[in-house]
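Trainee: My questions concern the predicted model and sequence given below.
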Amino acid sequence: MEDNKDSNLPDISIVIPLYNEEESLRELQEAIKAALADQYTFEIIFVNDGSSDKSWDVIKELSAQNKNVHGISFRNNHGKSTALQAGFEKASGTYVVTMDADLQDDPKEVPEMVQMLKDGYDLVSGWKKERYDPISKTIPSKFFNFVTRVAAGIKLHDFNCGLKAYKADVVKSIYLYGELHRYVPMLAKREGFSKITEKVVTHHPRKYGHTKFGLSRFINGFLDLVTILFVQKYLQKPMHFFGSIGVLFLGIGGAINIYLAAIKILFNQGIGQRPLLFLGVLLMVLGVQFFSTGLLGELINKNHVEHQKPGISETV
């Protein structure tokens, strides 16, 4: 993919989701300008995820002063994935870069990451090899990244890093919700964008405020990992998963019940109090339920369900 030949479109779209980061926005905008102005045309898309401070007022001020600064504001807090998705939909650059608004990501890394995209990669993920986060955050993150790396089959050290660069086709081919922003490399790979790499990036200590993420994000993240792994394999064929389990349970339960029926008929033995009878009936009931779930999944899969979008109150 070449740089935009339409002079009205920027080379790079920088998408920045944020929640209560009013102190850092002006400084971040200046840092991005200093890092890119001499090399690329760019736009900055701030996505205000229902902040309760004056973040949106700052964004409107920056947008009024700079035509390349845009903003989207949600009425309520929807989470980072939804904010990123809104930014992806608005982005018009040949390359799309995401970063956090807390000044811990360094915009000076962007030119080299974009060059790696020009060299043929579809996605470049930042790796915060040296982190300035508390141990309560780094240790769970290391475990999370290890599990995700093994499950995804993608050799990245830091799935959580907010600093990532993409060819525009990648972000236009995926849909983020829940906590799926951590799994963009997996989603990209599923869509056929397999040229994925990472770059060691500078990580700065948080300058203003405090982290907005707690331990619950890792629990939610693992649940979303299970969702993605299931969806990757069975999205188009739910009956293959649920139906297989249903047939297995029906087969075992049916065999048990046939065995008990034979004992009753041939030897006239009582079977009403046997635990095996209850197991056979339970397995058959579960089998019918799993089979029915697979059938419902197939029916739902045949219909396109439009994604719910957050209530956007303003854009600039």
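Mentor: Great, that's in hand.
Trainee: Downstream of the helix or strand containing Ser13, the next helix or strand is which one?
Mentor: Taking DSSP states H and E as the criterion, Ser13 maps to strand 12-18. Along the chain past strand 12-18, the next helix or strand (assigned with DSSP H and E) turns out to be helix 25-36.
Trainee: I'd guessed Ser52 sits against Glu21; true?
Mentor: No. In this structure Ser52 lies outside contact range of Glu21 using C-beta atoms under 8 Å: 11.5 Å. From N, CA and C alone the C-beta is placed, and that goes for glycine too.
Trainee: rewinding a little: what's the angle between the strand holding Ser13 and helix 25-36?
Mentor: Interaxial angle, strand 12-18 versus helix 25-36 (axes from the mean of the first three to the mean of the last three C-alpha atoms, to 10 degrees): 160 degrees.
Trainee: returning to what we had before: which one of Ser52 and Glu21 has more residues nearby?
Mentor: Glu21 (25 against 8; other C-beta atoms under 10 Å).
Trainee: and that one, what does it touch?
Mentor: Going by C-beta atoms under 8 Å, 6 or more residues apart in numbering, Glu21 touches Ser51, Asp53, Ser55, Ala101, Asp102, Tyr208, Gly209.
Trainee: between those residues, which is closest to Leu36?
Mentor: Taking C-beta to C-beta as the measure, Ala101 is the one of these closest to Leu36, at 16.6 Å.
Trainee: From Leu103, how far off is the closest residue to the closest one other than its chain neighbours?
Mentor: Once its chain neighbours are removed from consideration, Ala101 has its nearest residue in Leu18; the separation is 3.7 Å (C-beta to C-beta, 6 or more residues apart in numbering). When C-beta to C-beta, to the nearest Å is the yardstick, Leu18 and Leu103 sit 11 Å from each other.
Trainee: quick one, which of these two is more surrounded?
Mentor: When neighbours are counted by other C-beta under 10 Å, Leu18 and Leu103 differ, and Leu18 comes out ahead with 25 against 21.
Trainee: So what sits opposite that one in the bridge?
Mentor: The bridge-partner assignment for Leu18, based on DSSP bridges, gives Asn48.
Trainee: Tell me where the model's unsure across the stretch 1-150 of the chain.
Mentor: Regions of the stretch 1-150 of the chain meeting the criterion pLDDT under 70 cover residues 1-7, 132-140.
Trainee: redo that, cut-off 90
Mentor: In the predicted model of the stretch 1-150 of the chain, residues 1-8, 37-38, 128-150 satisfy pLDDT under 90.
Trainee: ranges for the strands of it?
Mentor: 12-18, 42-48, 69-74, 95-98, 123-127 (DSSP state E, counting those that start in this stretch).
Trainee: now those strands in TSV, with distance to Glu198?
Mentor: Rendered in TSV, the data for these read as follows (distance: least, C-beta to C-beta, whole Å):
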stretch	distance to Glu198
strand 12-18	19
strand 42-48	22
strand 69-74	28
strand 95-98	14
strand 123-127	5
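Trainee: what ranges do the helices span in the chain?
Mentor: Counting by DSSP state H, the chain has these helices, from start to end: 25-36, 55-65, 80-90, 110-118, 135-152, 168-171, 184-190, 216-234, 238-267, 275-301.
Trainee: Could I get the average pLDDT for the last one?
Mentor: In this model, helix 275-301 has an average pLDDT of 86.
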